[in-house]
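> could you work out the structure for the sequence below:
(3 chains)
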Amino acid sequence: MTSSNHVQPNRLQNGGRIDRSQPVTFEYNNKTYPGFVGDTLASAMLANGIDVVGRSFKYSRPRGIIAAGADEPNAVLQLGATEATQVPNVRATQQELFHGLVAKSTNGWPSTDNDLMSYVGKVGGRMMPPGFYYKTFMYPQSLWDTYEGFIRKAAGLGRSPVENDPDIYDQINHHCDVMVVGAGPAGLSAALAAARTGARVILADEQAEFGGMLLHSDELIDGQPAQQWVSRVVGELVGLENVTLLPRSTVNGYHDHNFLTIHERRTDHLGDLAPKGQVRQRMHRVRAAWVVLASGAIERPLVYANNDVPGCMLASAVSTYIKRYAVVPGNQLVLMTTNDQGYQAALDWHDAGRKVVAIVDTRAEPTGACVLEAQRRGIELIKGSAVIEAKGSKRVNGVSVAAINASGERVTGNIRSLFCDTLASAGGWSPAVHLSCHTGSRPEWREDVQAFVPGKTVQKQLTAGAINGSYRLSACLEEGVRQGVLAAANAGFGQQSDDIVEIPSVDGEVEQTAPMALFHVPHTKPTSRAPKQFVDYQTDVTAAGIELATREGFESIEHVKRYTAMGFGTDQGKLGNINGMAIAAKSMNKSIPETGTTIFRPNYTPITFGAIAGRNCGELFDPKRYSAMHRWHVENGAKFEDVGQWKRPWYFPKPGESMQDALNRECLATRESVGILDASTLGKIDIQGKDAREFLGRVYTNAWAKLGVGKCRYGLMCGEDGMVFDDGVTACLAENHFVMTTTTGGAARVLEWLELYHQTEWPELEVYFNTVTDQWSTLTISGPNSRKLLSELTDDIDLSGDNFKFMDWREGTVAGVPARVFRISFTGELSFEVNVQSNYGMQVWEKVFEAGKKYNLTPYGTETMHILRAEKGFIIAGQDTDGSVTPMDLGMGWCVANNKPFSYIGKRGMAREDCVKPNRKQLVGLKTKDPQKVIPEGSQAVADPNQPIPMTMLGHVTSSYYSACLGHSIAMGFVRGGLDKMGESVYYPQADGSVIEAEICSPIFLDPKGERQNV
Amino acid sequence: MSNLNINPQDSAVTDLDTAFKPDCAQMRQTPVQAEAGQAPRAESPLYHADLASMAAKGPLEGGVQLQELSLLGHLVIRGSLDNPAFVDGFAQVMGFALPGKLASVEQGDASVRWIAPDEWLLVVPGNEAFELEGRLRELMAGHFSIVNVSGGQTILQLSGPDAVKVLKKSTGYDLHDRNFPVGKVVTTTFAKTQAVIRRLDAQQWELVIRRSFADYVWLWLQDASAEYGLIVRG
Amino acid sequence: MFLIYCPHCEEHREEEEFHAKGQAHIARPLDPDNCTDEEWAQFLYFRDNPRGLHHELWVHASGCRKFFNITRDTQSYEIKETYKVGEQPGVTAAKSA
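Got it, this is the predicted structure:
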């Protein structure tokens, strides 16, 4: 057990932006370490001298922390103190330290320090070229699951928790005039310039503090230390109500039409769980008029032999750790650089009081001011040379340095060995063009800065600072101000004029001398023979691997990427891609622009599923729609079925009843006395207008011209292809007024369908459509006693069979509430559908039950409804139809009018050659030989169950139930040419090898003459 | 599908028959109050949530206030602004004109919201809807429709300093003063359903929602306002 | 996520308010009964799939419920214009070529 007072060997006594008054402890791989509030997990690990943070994906080599930000490929850890709070894929460089943080390394099995796979990696290294996994593990296919499990376990990509996440994640929408991405010098000045115009500005940065590189810079802005300038600007922005500041917020996606998604980590820095009542992470969905990308640049590591040994780091990261976190990640430093900026790491290291062994500059004659600074400190400078190889396994213990030629293509001098424990490399900068790529823009190569910068875009997008390859602070500040002003002006705020712009000045800025373009450090041996020179750390892609890929004929950079897996890691190759492309280009003797670059896709860094889901989970995952009588259904024990988003009663079991028991009881009660169904969910569309009747005739297959007021009619609706897509009853309320019903699931679709034809084809027809689905509660009272029951509840509707015929509707009062009563039937029984305004639905439903007691009024749900209608051979659109059946296929030719003057929708489609050919699949009834056997729905029909597999299938069962009323099973299904095969047998082979035999019959099993409903 | 053989404007103009009186079935949907105490019970879409009890018990502090304006009369009015018999008929009955694009008018107990170029939502006290529909039908002519949807939707009022934040979590529409001044009305997405949103005041908003989605919206609003504190008004 | 200008509401709205309904300007034949099977199949099934400008029919489903047309670049996803049903596009491949 290590106490919090334990010495942090690499922690400096002074400096940094950590809060030394708030010491904390954290756990890494079951050991406890001290740190401070203000640390990242990575800085605290380095302070404690933790070298190995994981094992590499393919070769299982020990890896250490390389970077200090989102570009970190190795320190990708599993976080969480409990099972429920596990978070995989957390970059230690971006995780702020809190007291009690628990982290584990993920790459390494069985343990990071002693990894079985490393022997495979070392011994088999040469045997594992790119494509190794594809080539080795692809066959036989049946073993892929085994291979994949092994690879995943070995690679250790982190794991998901197996318990529910207790934290809250949510989403919020924003609109702004100027969205500034990145709060470094360019972003801050852009945001301030835009904000001062009054434009709505959002400024987001992935770090806890705004300022970017200024947080560890020694430069002076307007005569003040850079940090003071940052405080001043942030202070002003905080005070502006038109500005939204989002720290700890990564702009992860830049989508079409300036839509951006921002992942804010609100409490990840506070503890394992979010404080009670607080949202852990929030996804901001931003629609911006203009976007200023000031996302900066990412330093490129140099590619040399064994460049992955822990202790090999980015030069800028070394500076960041020293200046911002007061952590020197080693004792003796060798710095290799191709440019002036790289020197800063060595100067900072020296100033922190530790030894700089040497600066190795790959340029033959570096002349910048930085050289003088190094000399002033007495640091040895080795010019025209490179570190061609690092030594050590779990930590660097030395380097080999040799002179190289001016183009950096070969070693020209003798090898000199230096002892050190840290090797920082500075290979130049790659602008963070990721977001600009998300919208499809291809980056463009700029020779002068040796980097890809954002390419042409169709977005309303500007860029400022290092993303443009502008690396000088003064340039970043100036571009920031100018682009901020321009973005605001483009969005309609302020004027785009130079004189209102005040550009901060940078004092004593020194001129940078030219960097050297070096993407691959030569070795004395050819690349294929030299120790591994890693390009992409996370996917273990080496320079040799890329050269091999091009030799094997992968010439497109996109193919090289997929073959080698370069850029496929969770870091998307932030460090490696540019080096890799340059190496591929060189190996193909092409220029970098000729070779091009792969592009980046959202998300910039991994996002939790919680943030993606937001509040659309649990009870709020999908809306649940309820009828006005839902409370009664719940109180009376209904089981519910999802129909679209509706919760419909499925059946109402009594205590001790099985589902089949309940269905049998509900069916028999309805057929023998009276049952009631909540049919409120059926779609209902109010249709008014002079041409309403004409319109109905065009969208239904049957005739509507003569339907009188007070009458209802069933209609089939087809697509232009002649296939049935919905059905329902429509009532003529008045000469210019109809109400149409649709299936529950089809309501919205049918309304949109009617509007489509009205608005685009027949705008001359005077008709309006409005949904009234929610307006009416529909109580279907069905059964021989339905008339008697209803007569007790109404005194102003004549319910007699003579005056209120089948397919009539009447208006009156039911249970004291105004109602429209439709005498229509989906059960084949005498049946009344009572429609009342939904505010009274529950009241009427209860009154019906009060009166219905003496008739044993039985509530039934959708399942009994399905059985009762199947006994009558009534179809359900969507169950007995699937978009490939015509009315004729359903045996419903009676519902098709061929003599209507207008060629209604579906008419021409039904007449197509294929639709009129004989022997189509037709809907028939099916009676099983064994009356108790219910054919599973979906079973396929065959003529001969003994034929060899694959059998010739004749159709399938669409509806199948046990009918308590009939005492045997009933089914409907399609059989090829079935209408001409009455009485013949078909067979339904089952998965268990059994075969169910059924006789083809009429689908009307009960009361074929309709005597029960016409009483 | 989009037939360019027909120009809808032309055909609409030629066919415009402003003398025509559509024959529609107007229906009184609410019971005539016979005797006091005998009136059938009406349940608004959020009846089951018992907001009155919640209001009595609930917290008295919070950044968001919610109230259901239940059992009002909702009439959907459809017609063309090119039809003077429709436009004038409305103005004669209501005493004010139909509002233009994305606008609303409120006068006394009545308020009307623009929904679409040929559609408005008129809200009046629940017991006035039937008579009002009759008067409108009497004074309007030509092609129009009126649909009583009083049972199919309800109105929620959301107010307080944090109400706008709750709305920002719920809709992608821009609620900023510049884009959404007082009186404006938009029909848009709301969580996974939709709502007609009207701004009543700097910090006061109105949502018209469908009955079957009311419980979902209620759950959503409680959740979205939890961090600010929700005060339910009875 | 597109930002779409509804020509009926006369303002931009989020894509989630709209439904895409396929290629625009597919006119239903005026006399379907006298179409050949080939002609009917053309109307029913055959659609353009251009790389570049495309005219599409959309509906403001969660807004005013009105249909309208969009001219959209299928490569850049830029929306060049929106216009009402019955109107002709102002931006076409022929014009921009």
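
> could you use CA atoms for every contact and neighbour count after this?
Will do.

> quick one: secondary structure of the residue nearest to A:Arg442 when sequence neighbours are not counted?
Nearest residue to A:Arg442, sequence neighbours excluded (C-alpha to C-alpha, 6 or more residues apart in numbering or on different chains): A:Gly455, at 5.3 Å. Under DSSP: H, G, I helix; E, B strand; the rest coil, A:Gly455 falls in the coil class.

> surely C:Asn69 is in a strand?
Yes: counting by three-state DSSP, C:Asn69 falls inside a strand.

> the closest residue to it other than its chain neighbours: how many residues sit nearby?
In space, and not counting its chain neighbours, C:Asn69 is closest to C:Leu57: 4.6 Å by C-alpha to C-alpha, 6+ apart. When neighbours are defined as other C-alpha atoms under 10 Å in any protein chain shown, C:Leu57 has 26 of them.

> so where is chain B shaky, pLDDT-wise?
Across chain B, the ranges flagged by pLDDT under 70 are B:1-17, B:33-37.

> strands along that one, start to end?
Secondary structure of chain B, counting by DSSP state E: strands at B:64-69, B:73-79, B:104-107, B:110-116, B:119-124, B:144-148, B:153-159, B:185-190, B:193-201, B:204-210, B:230-233.

> nearest to A:Glu365, out of the ones you listed?
With C-alpha to C-alpha, the closest approach to A:Glu365 among the strands of chain B belongs to strand B:185-190: 64.3 Å.

> sheet-wise, list the partners of that closest one with their directions.
strand B:193-201 (antiparallel) (DSSP bridges).

> distance check, the most centrally placed residue in chain A against chain B.
Residue closest to the average C-alpha location in chain A (C-alpha atoms, centre = their mean): A:Ile612, at 6.1 Å. To chain B, A:Ile612 is 14 Å away according to C-alpha to the nearest C-alpha, to the nearest Å.

> now swap in A:Ala297 and tell me
For A:Ala297, the distance to chain B - C-alpha to the nearest C-alpha - is 32 Å.

> number of residues surrounding the closest residue to that residue other than its chain neighbours?
What sits nearest to A:Ala297 in space, not counting adjacent residues and going by C-alpha to C-alpha, 6+ apart, is A:Pro431, at 3.9 Å. Neighbour count for A:Pro431, taken as other C-alpha under 10 Å: 26.

> now do the contacts for the residue of the stretch 501-650 of chain A found nearest chain C.
Using C-alpha to the nearest C-alpha, the closest approach of the stretch 501-650 of chain A to chain C is made by A:Pro602 at 13.4 Å. Residues near A:Pro602 by C-alpha atoms under 8 Å, 6 or more residues apart in numbering or on different chains: A:252-254, A:435, A:438.

> if you set the cut-off to 6 Å instead, what comes out?
Counting by C-alpha atoms under 6 Å, 6 or more residues apart in numbering or on different chains, A:Pro602 touches A:Gly253.

> ditto for C:His55
C:24, C:70-71.

> could you redo the last one with a cut-off of 10 Å?
C:22-25, C:48, C:69-74, C:79-82, C:89, C:91-93 (C-alpha atoms under 10 Å, 6 or more residues apart in numbering or on different chains).

> related to what we said a few turns ago, give me the pLDDT for the residue nearest to C:Asn69.
On the pLDDT scale, C:Leu57 is placed at 98.

> cool, A:Gly494 as well?
What the model reports for A:Gly494 is a pLDDT of 89.

> how about the residue nearest to the centre of chain A, secondary structure?
A:Ile612 ends up helix, using three-state DSSP.

> burial count for A:Ala628?
33.

> I'd like to know how far it sits from B:Phe190.
Distance of A:Ala628 to B:Phe190, given as C-alpha to C-alpha, to the nearest Å: 21 Å.

> what does C:Tyr77 give?
26 Å.

> more neighbours: which of the two?
Looking at C:Tyr77 and B:Phe190 with other C-alpha under 10 Å, you find the greater number of neighbours at B:Phe190, namely 23 against 18.

> residue contacts, the more buried one?
Contact partners of B:Phe190, counting by C-alpha under 10 Å, 6+ apart, are B:167-173, B:196-197, B:207, B:209, B:217, B:220, C:17, C:62.

> tell me the one among those residues nearest to chain A.
Checking the contacts of B:Phe190 one by one against chain A (C-alpha to the nearest C-alpha), the nearest turns out to be B:Lys169, at 4.2 Å.
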